[in-house]
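Enquirer: sequence and computational prediction follow.
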Amino acid sequence: MASSSGNDDDLTIPRAAINKMIKETLPNVRVANDARELVVNCCTEFIHLISSEANEICNKSEKKTISPEHVIQALESLGFGSYISEVKEVLQECKTVALKRRKASSRLENLGIPEEELLRQQQELFAKVSEQ
């Protein structure tokens, strides 16, 4: 389904991501292209709905940034309360991954070796490997 406006593609989930999710969820099921397109449209509409509601909740609380709590409140107010426990689990996983990334980044900074020296050492290792 090609769009005539051109901007609609900017407002959808990448089809490759949806195809991957479908394949992982239903590995032994063939899904027609128009059904995949429908899933993309449904996902996009769902995200727009939740985002709009979270934005309204955010504005009512006089905040400028939508927080996870606003999204959770939006899910509840729109009748998707059954999703909240899983959303909270995913949120916690994301926070854990982000914390690990920050720790890994700070470990590199705490080595006390300038970036230029690390690059030089890396080049030496590459040279040794290519000699073999």
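Expert: Thanks, I have the structure now. Since this is a predicted model, take the numbers as computed values, not measurements.

Enquirer: CA only for contacts and neighbour counts going forward, please
Expert: Will do.

Enquirer: which stretches of this protein form helices?
Expert: 15-25, 33-60, 68-77, 84-110, 115-131 (DSSP state H).

Enquirer: point out the most buried one among the ones you listed.
Expert: helix 68-77 (a mean of 18; mean count of other CA atoms under 10 Å).

Enquirer: so what secondary structure elements neighbour it?
Expert: Judged by 3 or more CA pairs under 8 Å, 6 or more residues apart in numbering; DSSP states H and E, the packing partners of helix 68-77 are helix 33-60, helix 84-110.

Enquirer: what average pLDDT does the longest one get?
Expert: Confidence for helix 33-60, expressed as mean pLDDT, is 95.

Enquirer: what's the answer for the shortest one, then?
Expert: Per-residue confidence for helix 84-110 averages out to 85 on the pLDDT scale.

Enquirer: what helices or strands is that helix leaning on?
Expert: Using 3+ CA pairs under 8 Å, 6+ apart: helix 84-110 touches helix 68-77.

Enquirer: please convert the helices and strands packed on helix 68-77 to CSV, extending it with distance to Ala74.
Expert: CSV is the format used below for the helices and strands packed on helix 68-77 (distance: least, CA to CA, whole Å):
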stretch, distance to Ala74
helix 33-60, 5
helix 84-110, 10
